[in-house]
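Peer 1: Quick one, fold the following:
(one chain, ligands or ions: 1)
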Amino acid sequence: MSVKLIDLTGQYNEIQKEVEESVINVMRSTNYIMGQEVQNFEENIAKYLGVKHAISVANGTDALILSLAALGIKKGDEIITTPFTFFATAESIERVGAVPVFVDIDKETLNIDPALVEKKITERTKAILPVHIFGNPCDMDAINEVAKKHNLYVIEDACQAIGAKYKGKQVGTLSDVSCFSFFPTKNLGGMGDGGLVATNNDDIAKIVKALKNHGSGVLGREALKLLNPDFKDDAEFVEGFEKYYNYLIGYNSRLDEMQAAILNVKLKYIDEWNQKRRNVAVQYKKGLNKKFVFQKETENSEMVYHIFSVQSENKDKIIDCLHEKGIATGTYYPVPMHLQKVFLKLGYKEGDLPIVEEVCKNIFAIPMFPELSEKNQNEIIKVMIR
Ligand SMILES: Cc1ncc(COP(=O)(O)O)c(C=O)c1O
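Peer 2: Numbers count the residues shown, from 1 in each chain. Below you'll find the model as predicted:
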């Protein structure tokens, strides 16, 4: 038997005809950058999320960097975030020159513990960046309350959580600005890299749109005025050459037409696929029972199980048994962010964030994807509870 951790074959077979046609249409159109598919995708996903602006970008990491930059986050600012995440969350904070400040997680939800945030706020703190880890919504009311009290921005890293709900609302719509990834293995994945910034704030949207495309033209000028109210310039552009007038040091971070075409097809299925993940999770929890610790889905949230994690003190033995049977496992994450070598300079040491450190020792992931067969689910459970 052979079961991958995330197997995209079943999904591809399901949508093969539709998706291949959509890609061929793009190829034949010869319009590869910022065309109709990108426009349609931004409209479709804005509608799906229920958000005013959905701005496609090249990947989830860029979505984070552009969001932070659009909020004016810069050198010396502090951003409070979780140590239990993929590196890109903390990396993006450093990339704009700010300092990540790590707060321990809640041992049940594995998300940032809102009760510990306030203690880490200083006069340099500008934002809180929670991550809906493995597709489990953070306690957004508690986070937004602290943010409001201290006049901080909130940026959601929803890269693993498209379709998840908090109190019935889509994650990624519960803060100033939010970020999504369409990395191929994500719940909504392209066939290459892709990402999205979502916001209800017109100014943030304008700046992200400008920054993702070199900060040029009318948008670049308007974005600069928003970032620097002292800047006043309304000189005429030479008609047709607007994009060669530059106002900001931006990025080239555009989603391409082929990825947008693929995502337009896949977006139609996201709720169905997320539901299938939730069904697999129900079976796992039933079968694995009390032998393992599961990530908690609270009464306020609907999780989308990007990863199905379990915690066990017998982790190594169980992983060996699974591998013997050809069943893949994953380790998310072996090293919490505050103990990453690259962040040594921040001065954290082992024992500073005890909950995440303990979780990282005992956690591992078992296969999770919508098409995982009942037979394979049962086999995985059987091997694990033996
Ligand atoms: C929590 C989290 N944040 C950010 C990212 C970065 O996304 P990308 O790989 O699309 O740059 C990812 C995914 O890889 C992620 O899981």
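
Peer 1: How about N40: what's its closest non-neighbour residue?
Peer 2: N264 (5.7 Å; Cβ to Cβ, 6 or more residues apart in numbering). From N, CA and C alone the C-beta is placed, and that goes for glycine too.

Peer 1: Do I have it right that the one you found meets G35?
Peer 2: No. Here N264 does not reach G35: they are 11.9 Å apart, not a contact under Cβ atoms under 8 Å.

Peer 1: For the closest residue to the ligand within the stretch 251-386 of the chain, grab the count of nearby residues.
Peer 2: The minimum distance from the stretch 251-386 of the chain to the ligand, using Cβ to the nearest ligand atom, falls at H306 (7.7 Å). Residues contacting H306 under the criterion other Cβ atoms under 10 Å number 28.

Peer 1: In three-state terms, how would it be classified?
Peer 2: The three-state label given to H306 by DSSP: H, G, I helix; E, B strand; the rest coil is coil.

Peer 1: which ones are touching it?
Peer 2: F134, G135, Q160, A161, K186, N187, R277, M368 (Cβ atoms under 8 Å, 6 or more residues apart in numbering).

Peer 1: I'd like to know the predicted local confidence at the residue sitting nearest the centre point of the chain, please.
Peer 2: By Cα atoms, centre = their mean, the mean C-alpha position of the chain lies nearest to C159, the distance being 1.1 Å. Model confidence at C159, given as pLDDT, is 98.

Peer 1: hang on, isn't it packed against F86?
Peer 2: Yes. Taking Cβ under 8 Å as the definition, C159 is a contact partner of F86 at 7.4 Å.

Peer 1: Count the residues that sit near the residue of the stretch 51-200 of the chain found nearest the ligand.
Peer 2: Of all residues in the stretch 51-200 of the chain, G60 sits closest to the ligand, at 2.4 Å by Cβ to the nearest ligand atom. Using other Cβ under 10 Å, G60 is surrounded by 27 other residues.

Peer 1: One more: the one 10 residues further on?
Peer 2: The burial count assigned to A70 is 29, neighbours taken as other Cβ under 10 Å.

Peer 1: Buried residues in the helix or strand where L288 lies, which are they?
Peer 2: If you go by DSSP states H and E, L288 is part of helix 270-288. Across helix 270-288, burial judged by 16 or more other Cβ atoms under 10 Å covers I270, W273, N274, K276, R277, R278, V280, A281, Y284, L288.

Peer 1: Please apply the same query to stretch 103-116.
Peer 2: By neighbour count with 16+ other Cβ under 10 Å, stretch 103-116 contains the buried residues V103, D104, I105, D106, K107, T109, L110, N111, I112, D113, P114.

Peer 1: quick one, helices of the stretch 201-350 of the chain?
Peer 2: Assigned by DSSP state H, counting those that start in this stretch, the stretch 201-350 of the chain shows helices spanning 202-211, 217-227, 257-267, 270-288, 315-324.

Peer 1: Now render these as JSON lines, adding mean pLDDT and distance to N246.
Peer 2: Shown next, in JSON lines, are the helices of the stretch 201-350 of the chain (pLDDT from 0 to 100; distance: least, Cβ to Cβ, whole Å):
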{"stretch": "helix 202-211", "mean pLDDT": "98", "distance to N246": "10"}
{"stretch": "helix 217-227", "mean pLDDT": "95", "distance to N246": "6"}
{"stretch": "helix 257-267", "mean pLDDT": "98", "distance to N246": "24"}
{"stretch": "helix 270-288", "mean pLDDT": "97", "distance to N246": "37"}
{"stretch": "helix 315-324", "mean pLDDT": "97", "distance to N246": "52"}
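
Peer 1: For Q11, which of those is the nearest?
Peer 2: Nearest to Q11 among the helices of the stretch 201-350 of the chain is helix 270-288; the distance by Cβ to Cβ comes to 7.3 Å.

Peer 1: Let me see the contact set for A46.
Peer 2: The contact partners of A46, by Cβ under 8 Å, 6+ apart, come to K52, H53, A54, A198.
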